[in-house]
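Peer 1: structural data only, the sequence is not supplied:
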């Protein structure tokens, strides 16, 4: 049985990863920065690290980005 790539990333998260709680708490601010053309990684590197490895939070980000584009 082969080990899926995502499993390795899940088992060895980035040490700067802030986790789901902080990410979800600040995701709207993160999207506002993206929407205004600012790189949010400079202000929130831990959230960026988390979004690379957490598919559910990445889906939430994608949904907020889509909503921001409509609004």
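Peer 2: Arrived safely. All figures in this text were calculated on a predicted structure; none of them were measured in a lab.

Peer 1: and the most centrally placed residue in the chain, what helix or strand is that in?
Peer 2: When CA atoms, centre = their mean is applied to the chain, the residue found nearest the centroid is residue 51 (2.4 Å). Using DSSP states H and E, residue 51 sits within helix 45-53.

Peer 1: what's in contact with the next helix-or-strand element following that helix?
Peer 2: Under the assignment DSSP H and E, the closest C-terminal helix or strand after helix 45-53 is helix 55-70. Outside helix 55-70, the residues that touch it by CB atoms under 8 Å, 6 or more residues apart in numbering are 6, 20, 23-24, 27-28, 30-32, 34-35, 50-51. No exception for glycine: its C-beta is placed from N, CA and C like everyone else's.

Peer 1: circling back: could you list the buried residues of the helix holding residue 51?
Peer 2: For helix 45-53, burial by neighbour count (16 or more other CB atoms under 10 Å) applies to 46-51.

Peer 1: can I get these in a markdown table including distance to residue 65 and pLDDT?
Peer 2: Listed next are those as a markdown table, based on distance: CB to CB, whole Å; pLDDT from 0 to 100:
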| residue | distance to residue 65 | pLDDT |
| --- | --- | --- |
| 46 | 19 | 96 |
| 47 | 14 | 97 |
| 48 | 14 | 96 |
| 49 | 18 | 94 |
| 50 | 16 | 95 |
| 51 | 11 | 95 |
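
Peer 1: which element follows the helix-or-strand element of the chain with minimal mean pLDDT toward the C-terminus?
Peer 2: Between all helices and strands in the chain, the lowest mean by mean pLDDT, DSSP states H and E belongs to helix 5-11, at a mean of 59. Reading on from helix 5-11 to the C-terminus, the next helix or strand found by DSSP H and E is helix 19-35.

Peer 1: for that following helix, buried residues please.
Peer 2: 23-24, 26-27, 30-31, 33-34.

Peer 1: so what's residue 53 scoring on pLDDT?
Peer 2: Predicted confidence (pLDDT) for residue 53: 88.

Peer 1: nothing else from me, thank you.
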